[in-house]
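Visitor: Here is a sequence together with a model predicted from it:
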Amino acid sequence: MIISRIVREGYVYFNLHAEQTISSTFYDGDIGIEVSEIFGSALSRIDEDILLINDISEKAVYLDFIRIDNAYKNLDTILMSLSKKCKIILLLNLKDVVYNQLQIELISGNIFNKRNSDNSGYEMFYFEKKSIQYEYIFEDEIFQEEFKNLTQEFTEKNINEFHQSSSVYLPKYINIKKMISRRKNFFIFSLYQLSIKIKKLWLDNISIDNEELPILICQNLNSSFISSILSSLLKLDVIILDHLGPVNTMYSSLNSKIEENKKYIIVSDVVCLGTEVKIAKNLITFLGGKVYGSVSVVRINTLEDKHLLELEKKVKTISVFSITKENNQGIDFEIKTLLN
């Protein structure tokens, strides 16, 4: 299973750390997001995968080594195999230690090779001596662009526009269940990206302070699937609750699951007005737990930045993709009341 492949007209992009993370988590071991070495198995799967791409011989292949600190021996032979199938291979974010382990110094003379700002490696390395110059690709930019395309594809008309938990109408909704079913590989890449954010912004700080790690808490089938992947990648425990649903629902069994003074991360698929997150937060707090924050695949930003910052003080929030006024064109998500 290849998760990070992003195909454009003239090139294909792969994130090697994401591919190795999936290999190490679901095939070869139980390392999760902490993996830092690239092995032959992940690169060989990419070598096989590119044969499925139309006109691959006319495309450049970008291999992103971001977050890769070491490389297993003999990977140069797989790179040579890849190079024979595509137009050119471009290695991004290649650290010097990995460059030395790959043993590719014989092709190091390309005039377009670009060192990174701290001179610890290559920002972009051309896997051949002669070529035209190519553009550098930023991981987050290409991912956000691809995820917006995915959101457009799976945003559908909402037949029953009335929102059960909030007094608004939603003419459209994002069909996460269909997204998981039809684009499962890339959806897992999206959860990898979410895991990277959670680790960098939250968990790394917790480990420094020697605090107890928070527990993931999910509310429905979609968030259960999301939590199961996040749990595998981040090595966090999970609690599954029944769908929180409308505000007037009774929750008689929660106190057998929520532990006093434990920290919890609320996991959602889509956060629109945040009603269900607020309900979950209030219930967890009432039963003695502490809400560390909330995460979601998609977040609808309905407020100005200054007001979002005020909410962030109450519940820390991380999402894979945010729909904003600036990027809503093409998605055309709407929230209506009787007044508009």
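Guide: Here it is on my side, so go on. Numbers count the residues shown, from 1 in each chain.

Visitor: Who are the contact partners of the spatially most central residue of the chain?
Guide: Nearest to the geometric centre of the chain sits Gln193, at 2.2 Å (C-alpha atoms, centre = their mean). The contact partners of Gln193, taken as C-beta atoms under 8 Å, 6 or more residues apart in numbering, are Phe143, Val320. No exception for glycine: its C-beta is placed from N, CA and C like everyone else's.

Visitor: What helix or strand is it located in?
Guide: Taking DSSP states H and E as the definition, Gln193 sits inside helix 184-198.

Visitor: Name the next helix or strand following that helix along the chain.
Guide: With DSSP H and E, the next secondary element past helix 184-198 is helix 204-209.

Visitor: and the helix holding Gln193, how far from the chain's centre?
Guide: Remark: helix 184-198 is offset 3 Å from the chain centroid, using C-alpha atoms, centre = their mean, to the nearest Å.

Visitor: and if you look at stretch 296-308?
Guide: 18 Å.

Visitor: for stretch 310-326, same thing?
Guide: Counting by C-alpha atoms, centre = their mean, stretch 310-326 comes out at 15 Å from the chain centroid.

Visitor: Which secondary structure elements does the helix or strand encompassing Ile318 sit against?
Guide: Counting by DSSP H and E, the element that carries Ile318 is strand 317-323. Judged by 3 or more C-beta pairs under 8 Å, 6 or more residues apart in numbering; DSSP states H and E, strand 317-323 is in contact with helix 139-153, helix 184-198, strand 290-300.

Visitor: Mind listing residues that contact that strand?
Guide: If you take C-beta under 8 Å, 6+ apart as the criterion, strand 317-323 is touched by 144, 147-148, 151, 190-191, 193-194, 197-198, 201-202, 271, 293-301, 311, 331, 333.

Visitor: Narrow those to those that are buried.
Guide: By neighbour count, with 16 or more other C-beta atoms under 10 Å, the contacts of strand 317-323 hold 144, 147-148, 151, 190-191, 193-194, 198, 202, 271, 293-301, 331, 333 as buried.

Visitor: in the stretch 101-250 of the chain, which ranges drop under the pLDDT threshold?
Guide: Low-confidence regions of the stretch 101-250 of the chain, defined by pLDDT under 70, span residues 242-250.

Visitor: where do the strands sit along it?
Guide: 114-115, 121-126, 155-157, 172-174, 215-218, 238-240 (DSSP state E, counting those that start in this stretch).

Visitor: Please tabulate these in TSV, including the columns mean neighbour count and distance to Lys316.
Guide: Below are those laid out as TSV (neighbours: other C-beta atoms under 10 Å; distance: least, C-beta to C-beta, whole Å):
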stretch	mean neighbour count	distance to Lys316
strand 114-115	12	36
strand 121-126	20	32
strand 155-157	13	27
strand 172-174	19	22
strand 215-218	24	14
strand 238-240	17	19
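
Visitor: out of the ones you listed, nearest to Leu16?
Guide: With C-beta to C-beta as the measure, strand 121-126 is the member of the strands of the stretch 101-250 of the chain nearest Leu16 (13.2 Å).

Visitor: got a list of contacts for that closest one?
Guide: With C-beta under 8 Å, 6+ apart as the criterion, strand 121-126 contacts 88, 90-99, 107-108, 110, 112-117, 134, 136.

Visitor: Pull that strand out as PDB, backbone CA atoms only.
Guide: What follows is strand 121-126, C-alpha atoms only, in PDB (Å, rounded to 0.1, in the frame of the first residue of the first chain):
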ATOM      1  CA  GLY A 121      22.500  18.300   3.300                       C
ATOM      2  CA  TYR A 122      20.700  18.800   0.000                       C
ATOM      3  CA  GLU A 123      17.500  20.700  -0.300                       C
ATOM      4  CA  MET A 124      17.200  19.100  -3.700                       C
ATOM      5  CA  PHE A 125      19.600  16.500  -5.300                       C
ATOM      6  CA  TYR A 126      19.400  15.400  -8.900                       C
END
